[in-house]
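Undergrad: Coordinates only, no sequence provided:
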């Protein structure tokens, strides 16, 4: 009888840490979703929704063009609206900053300065406040306009005319931002002073592009399709994605296909590709799913 391991209890390393976000769209809210899951007490100040929008419309553009996504991102987050360009909005902001541990932003540096939120001034007024600033590109490029697609293109992750299947730079940047919150909190614990970290979405895209830059996921790379056990093949009623990369997995796959495989280098030859393609061509997804369980082969079947 197999003993099932109970699920790991989530760690809450940020319990008691108060985070205030001014970040809109996707990277900031996605980071807050992670931070809230780590135990942080999260609040967000959004601008008022445009007057033409129905009452109750979020001020974050995400809430205007994809309410289900907005709702998921803000579960457990206290959301308020304030016009930071007004004295009333500024008063509300600074009342919250006085009891905030980490401020999360996604404005350009010039916009922060106009709102009186430049780091030099914040540091003087709130010596223990940490700041994580999400920007498009680092350093002097932080004023450049851009979004996920442009940063992905810059990193070499946009091929042909097809749109990327997801927002890699935004989501990668959100993970870097949540990591940055942990960093600033640890640094403040050591020094007693607040610190600022800048997270650039373009750098997140370049980080995600490293396997491609190394040649791993290019057409000739081991996980780019040249290894016969790590690629996608058509099957009888759909497709199957094999991830039989390690020698023992590759050997099991080739044995299932009726051919022995003793040299891992043979998986990069056309013969192995032909053998596996012929083997799965007339197999149903159900048959391949069963094969995965019976032979311990990493695969996932997909509809056509």
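TA: Noted; the coordinates are in hand. Because the structure is a prediction, the values reported are computed rather than measured.

Undergrad: Which residue, other than its chain neighbours, is closest to residue 303?
TA: Closest residue to residue 303 apart from its sequence neighbours, by Cβ to Cβ, 6 or more residues apart in numbering: residue 238 at 4.8 Å. C-beta here means a position set from N, CA and C on the backbone, and glycine is covered the same way.

Undergrad: Secondary structure element for residue 294, which one?
TA: Taking DSSP states H and E as the definition, one finds residue 294 inside helix 285-295.

Undergrad: Just the residues contacting that helix, thanks.
TA: Applying Cβ atoms under 8 Å, 6 or more residues apart in numbering, the contact partners of helix 285-295 are 235-238, 240, 252-253, 255-256, 280, 283, 297-299, 301-303.

Undergrad: Whichever helix or strand comes after that helix pairs with which strands, parallel or anti?
TA: Sequence order places strand 299-303 as the next helix or strand after helix 285-295, per DSSP H and E. Neighbouring strands of strand 299-303 in its sheet, by DSSP bridges, are strand 238-242 (antiparallel).

Undergrad: From the rest of the structure, what touches the strand it pairs with?
TA: With Cβ under 8 Å, 6+ apart as the test, strand 238-242 has contacts from 229-233, 253, 276, 280, 283, 285, 288, 297-304.

Undergrad: Swap in 6 Å and give it another go.
TA: 229, 232, 233, 280, 285, 288, 299, 300, 301, 302, 303, 304 (Cβ atoms under 6 Å, 6 or more residues apart in numbering).

Undergrad: just stretch 45-64 next, same as before
TA: Identification of contacts with stretch 45-64 by Cβ under 6 Å, 6+ apart yields 22, 24, 25, 70, 80, 81, 82, 83.

Undergrad: any idea of the mean pLDDT in whichever strand or helix holds residue 179?
TA: Assigned by DSSP H and E, residue 179 belongs to helix 168-191. Helix 168-191 shows a mean pLDDT of 97.

Undergrad: cool, stretch 92-104 as well?
TA: Here the average pLDDT along stretch 92-104 is 98.

Undergrad: Now do the end-to-end distance for it.
TA: Distance between the two ends of stretch 92-104: 16 Å, counting by Cα to Cα, to the nearest Å.

Undergrad: now that stretch, how far from the centre of its chain.
TA: In terms of Cα atoms, centre = their mean, to the nearest Å, the centre of stretch 92-104 is set 26 Å apart from its chain centre.

Undergrad: which of the residues in that stretch are buried?
TA: If you call a residue buried by 16 or more other Cβ atoms under 10 Å, then stretch 92-104 has these buried ones: 92, 93, 96, 97, 100, 101, 102, 103, 104.

Undergrad: Which of these fall within helices?
TA: 92, 93, 96, 97 (DSSP state H).

Undergrad: do you know how far the second one is from residue 62?
TA: When Cβ to Cβ, to the nearest Å is applied, the distance between residue 93 and residue 62 equals 21 Å.

Undergrad: Leaving out the residues flanking it, which one is nearest to residue 296?
TA: Excluding the flanking residues, the one nearest residue 296 by Cβ to Cβ, 6+ apart is residue 252, at 6.5 Å.

Undergrad: What is the burial count for that neighbour?
TA: As a burial measure, residue 252 scores 20 neighbours (other Cβ atoms under 10 Å).

Undergrad: That one is in contact with residue 299, isn't it?
TA: No - assessed by Cβ atoms under 6 Å, residue 252 is found out of contact with residue 299, at 10.7 Å.
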